[in-house]
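Q: what's the 3D shape of this:
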Amino acid sequence: MNLKPKKKLAVKVLGVGAERIKFNSERINEIKEAITRQDIKELVKSGAIEIISAKGRKKIVKRTTRRRAGKVKKKIKNRKQNYVKLTRKLRRYIKELKSHGGIEEKKYLALRNSIKNSEFRSKQHLKELLK
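A: Model prediction:
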């Protein structure tokens with residue numbers, strides 16, 4: 001008699017691969033008579049069907065690399081952008097003053113350094129300090 005259907009049933013009942021199931025050759029008659037899942041379980045308990053331990057390395061190995069967040073969009077910090085906008089605005093203003101004769105070269109260079117050091121909060125603040 002063909003034992004393949006019995007092996008398939010044992011695979012389903014025990015939840016292991018077909019190559020891990022071994023039938024005891026002395027008790028094949030008992031295995032042939034087994035037709036239900038319960039019969040297979042009883043044969044495993046009695047030792048007629050044996051489950052061979054898995055070969056190879058363990059599948060469950062602790063990860064060496066840490067899992068991190070995937071695609072995380074950072075909040076955009078506007079500090080630099082605001083600095084650039086204000087700086088350009090103030091530099092344009094003092095350049096205009098210099099070209100129209102409002103301030104001289106030394107004062108212009110000093111103001112450029114002050115602007116670079118973020119000493120002015122706004123264009124209005126610069127105008128107040130010039131007066």
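
Q: what sits up against the host helix or strand of N82?
A: Per DSSP states H and E, N82 falls inside helix 79-99. Here helix 79-99 makes contact (CB atoms under 8 Å, 6 or more residues apart in numbering) with 102-105, 108, 111-112, 115-116, 118, 120, 122-123, 126, 130. All C-beta atoms are positioned from the backbone trio N, CA, C, and that covers glycine.

Q: go again with 10 Å.
A: 78, 102-105, 107-112, 114-116, 118-123, 125-127, 130 (CB atoms under 10 Å, 6 or more residues apart in numbering).

Q: which among those count as buried?
A: Neighbour counting with 16 or more other CB atoms under 10 Å marks 103, 108, 111-112, 115, 120, 126 as buried within the contacts of helix 79-99.

Q: tell me the helix or strand right after the helix or strand of the chain with the lowest mean pLDDT.
A: When the helices and strands of the chain are scored by mean pLDDT, DSSP states H and E, helix 28-33 comes last with a mean of 88. Next in sequence after helix 28-33, counting helices and strands by DSSP H and E, comes helix 37-46.

Q: return the subset of the buried ones among the contacts of helix 79-99 lying in helices.
A: 108, 111-112, 115, 126 (DSSP state H).

Q: need the pLDDT of the residue of the chain most remote from its centre.
A: Farthest-out residue of the chain from its mean C-alpha position, per CA atoms, centre = their mean: G101, at 59.4 Å. We have a pLDDT of 85 for G101.

Q: low-confidence regions, the protein specifically.
A: Scanning the chain for pLDDT under 70 picks out 1, 58.

Q: I31: neighbouring residues, count only.
A: Look at I31: counted by other CB atoms under 10 Å, it has 20 neighbours.

Q: re the thing from before, same list (the buried ones among the contacts of helix 79-99) but as a markdown table, adding distance to K8.
A: A markdown table is the format used below for the buried ones among the contacts of helix 79-99 (distance: CB to CB, whole Å):
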| residue | distance to K8 |
| --- | --- |
| I103 | 95 |
| Y108 | 92 |
| L111 | 89 |
| R112 | 86 |
| I115 | 83 |
| F120 | 83 |
| L126 | 87 |
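
Q: I am finished for the moment; much appreciated.
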